[in-house]
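Peer 1: Fold the following and give me the result.
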Amino acid sequence: MYTAITVLHSILRWVILILSLVAIFRSAAGMSGHRPFTAGDKKVGLFLMISAHTTLVAGLYLWFVGPWGWKTIENMGWGAMMKDNVARFYGIEHTMGMILAIVLITLGRRVSKTTLPDGAKHKRTFWFYLVALIIILASVPWPFRTGIARPWL
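Peer 2: Okay, here's the model as predicted:
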């Protein structure tokens, strides 16, 4: 089960990245206020939020059951874990970065449901989704990151 959840977590990373880019480009295209905030914009935000929350649930399962989260803290203790770059990344940095990004994605989705003018909605969702994407890109253990690398899929 652990392997299946790990694969799901990895696949959903790509879904989130693609949906984030789509949401950012759609919001950027409407920032001038000339393009209305459409049902399609809301659906992209909804699917992005659903993917992010599903990934969060999978990630929390991995954190509590897998070798890099709770078990690392139990075995090493907080002090030793914070001195180990790999343990700190998986135990704290990756987890907190992703939770923050998911909060921003959720807030961006919430903005899309407000009664703001369309241009203001596009601007706010653009910034929420862009900052979330930057945090995600910084928090993913990409294959080129020494010591914390994970495969592309």
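
Peer 1: For the host helix or strand of Trp78, buried residues please.
Peer 2: Assigned by DSSP states H and E, Trp78 belongs to helix 70-83. Using 16 or more other Cβ atoms under 10 Å as the test for burial, helix 70-83 gives Thr72, Ile73, Met81. Bear in mind the C-beta positions are built from the backbone N, C-alpha and C, glycine included.

Peer 1: State the three-state secondary structure for Thr114.
Peer 2: coil (DSSP: H, G, I helix; E, B strand; the rest coil).

Peer 1: swap in Trp152?
Peer 2: Assignment for Trp152 (three-state DSSP): coil.

Peer 1: Spit out the contact partners of the closest residue to it other than its chain neighbours.
Peer 2: Sequence neighbours aside, Pro143 is the residue nearest to Trp152 in space, at 5.8 Å (criterion: Cβ to Cβ, 6 or more residues apart in numbering). By Cβ atoms under 8 Å, 6 or more residues apart in numbering, the contact list for Pro143 reads Ala149, Arg150, Pro151, Trp152.
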